[in-house]
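K.L.:
generate coordinates for the sequence data below:
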Amino acid sequence: MHEPSIDSPSQRPRQDVASIDALDAALINRLQTALPLLPRPFEQLGRELGCSESLVLLRLRRLLSEGVLTRVGPLFQIERAGGLFVLAAMQVPESQYAAVTAQLNAIPAVAHNYRREHALNMWFVLATEKPEESAAVCAQIEALTGLQVLAFPKEREYFVGLRLEARPDAEAYEPQGGQGDD
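P.N.:
From the prediction side, this is the model:
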């Protein structure tokens, strides 16, 4: 189910937001509105930002590899296709955290996971093609990890329109002219 359009490592250490420059911030902010539905969407983004497609892709790969971004990809309304989203949580001992993360990331139904400072320190989203598959995926995770999975199926959707500005001065980014890679 989870096929991101660019490499999407999950549990990389987050970088300080100050490590992004104005082009990074403009790119992050632009990606939060929509990805152009074109054969070459990153080429279009490059035109909008005054740089090349290859520079856009280079920047995205760097932001992902440094942990500034954890995922670039579409958001689907899986329920409209007959599937189900489930928010789930686990209490993972620190000594097992990396191994459990790797196990979860290998499961196609795990859309993404996050570490939290709480007794339930691993939270993740399951996206299954059929509602009845979510219980089987939770059982699979429990069998793999030996840890209990607490599942919270979505009862109601709240649209919050969340958009996080990467940097207040991102709109001040001025393209450096042309389609160059610098």
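
K.L.:
show me where this structure has strands.
P.N.:
In the chain, the strands defined using DSSP state E lie at 84-90, 110-115, 122-128, 150-153.

K.L.:
just say which of these is most tucked in.
P.N.:
Most buried of the strands of the chain, by mean neighbour count (mean count of other CB atoms under 10 Å): strand 122-128, with a mean of 21. All C-beta atoms are positioned from the backbone trio N, CA, C, and that covers glycine.

K.L.:
pull up the pairing partners for it, direction included.
P.N.:
On the basis of DSSP bridges, the sheet neighbours of strand 122-128 come out as strand 84-90 (antiparallel), strand 110-115 (antiparallel).

K.L.:
closest one to E157 among those strands?
P.N.:
For E157, the closest of the strands paired with strand 122-128 is strand 84-90, at 8.9 Å, according to CB to CB.

K.L.:
before we move on, back to that, between the strands paired with strand 122-128, which gets the lowest average pLDDT?
P.N.:
Looking at those, the lowest mean pLDDT belongs to strand 110-115 (a mean of 86).

K.L.:
still on that earlier bit, export the strands of the chain to TSV and tack on distance to T33?
P.N.:
Listed next are those as TSV, based on distance: least, CB to CB, whole Å:
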stretch	distance to T33
strand 84-90	22
strand 110-115	20
strand 122-128	22
strand 150-153	29
